[in-house]
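K.L.:
please work out how this folds:
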Amino acid sequence: MPEIYQLTSETPWCEAAANMYNPRDWEDITNLSQKVMLQAEGQAIPCDRARLAASSKFFHDKFQVNPKSGEHSPLVIKGIDFDTLKDVVYFVYNGRIQLTLEKAEKLIPASGSLMLPELTSLCKNFSYTNLKMINQLALTYTGLPNTILSKGQQRKPGV
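P.N.:
Residues are numbered from 1 along each chain as shown. Below you'll find the predicted structure:
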């Protein structure tokens with residue numbers, strides 16, 4: 001099983017949101033009804049509308065255009081599997097994420113479409129760092145001068 005890394009956002013969600021929107025927007029956010037159900041793959045997860053709106057321009061815009069969106073029926077998030085949606089919501093609430101390369105691969109487009117630039121950046125940096133390390137290890141092991149040869153084989157010069 002791949003190793004899981006826990007990354008933490010350096011900016012708490014409320015501070016990030018304060019930097020993202022002007023004071024007039026805060027009035028809009030605080031007037032939102034409290035709960036919304038986000039749905040992916042037929043499964044739903046409850047969330048706080050104000051927190052989503054403060055953390056994501058996607059949700060902020062969606063709730064500003066249609067304040068009743070997701071109030072009586074789940075807000076369907078298309079193109080994202082439920083486990084990825086749960087990871088996104090966890091990050092929005094906690095500013096932390098546990099990543100594997102496979103999970104980061106799913107979170108990059110999801111966080112991009114939901115306009116969560118800090119999560120996108122964490123996942124891209126994680127992927128870049130780990131893929132670079134994997135590639136370096138692969139080059140190191142395939143480029144070793146003492147690679148194991150079958151019985152009776154001899155190394156060709158320059159190989």
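K.L.:
and the contacts of the host helix or strand of residue 85?
P.N.:
If you go by DSSP states H and E, residue 85 is part of helix 82-94. Residues from elsewhere that reach helix 82-94 (CB atoms under 8 Å, 6 or more residues apart in numbering): 9, 13, 38, 40-43, 45, 47, 51-52, 55-56, 77, 80, 96-97, 103, 106-107, 110-111, 114, 116, 119. (Glycine included, C-beta is placed from N, CA and C.)
K.L.:
inside helices: which ones of those?
P.N.:
Mapping the contacts of helix 82-94 onto helices (DSSP state H) picks out 13, 51-52, 55, 103, 106-107, 110-111, 119.
K.L.:
and residue 34, how far from residue 87?
P.N.:
Distance, residue 34 to residue 87, by CB to CB, to the nearest Å: 22 Å.
K.L.:
so these two - more neighbours on which side?
P.N.:
Taking neighbours as other CB atoms under 10 Å, residue 34 and residue 87 compare with residue 87 leading, 23 against 11.
K.L.:
all strands for this protein, in order.
P.N.:
Assigned by DSSP state E, the chain shows strands spanning 5-8, 35-40, 43-48, 75-76, 96-99.
K.L.:
looking at these, which is buried most?
P.N.:
Burial of those is given as mean neighbour count (mean count of other CB atoms under 10 Å); strand 35-40 ranks first at a mean of 19.
K.L.:
which strands and helices sit next to it?
P.N.:
strand 43-48, helix 49-55, strand 75-76, helix 82-94 (3 or more CB pairs under 8 Å, 6 or more residues apart in numbering; DSSP states H and E).
K.L.:
given it, what are its sheet partners and their directions?
P.N.:
Sheet partners assigned to strand 35-40 using DSSP bridges are listed as strand 43-48 (antiparallel), strand 75-76 (parallel).
K.L.:
quick one: contacts of the longest one?
P.N.:
The contact list for strand 43-48, computed with CB under 8 Å, 6+ apart, reads 34-39, 74, 82, 85-86, 89, 92.
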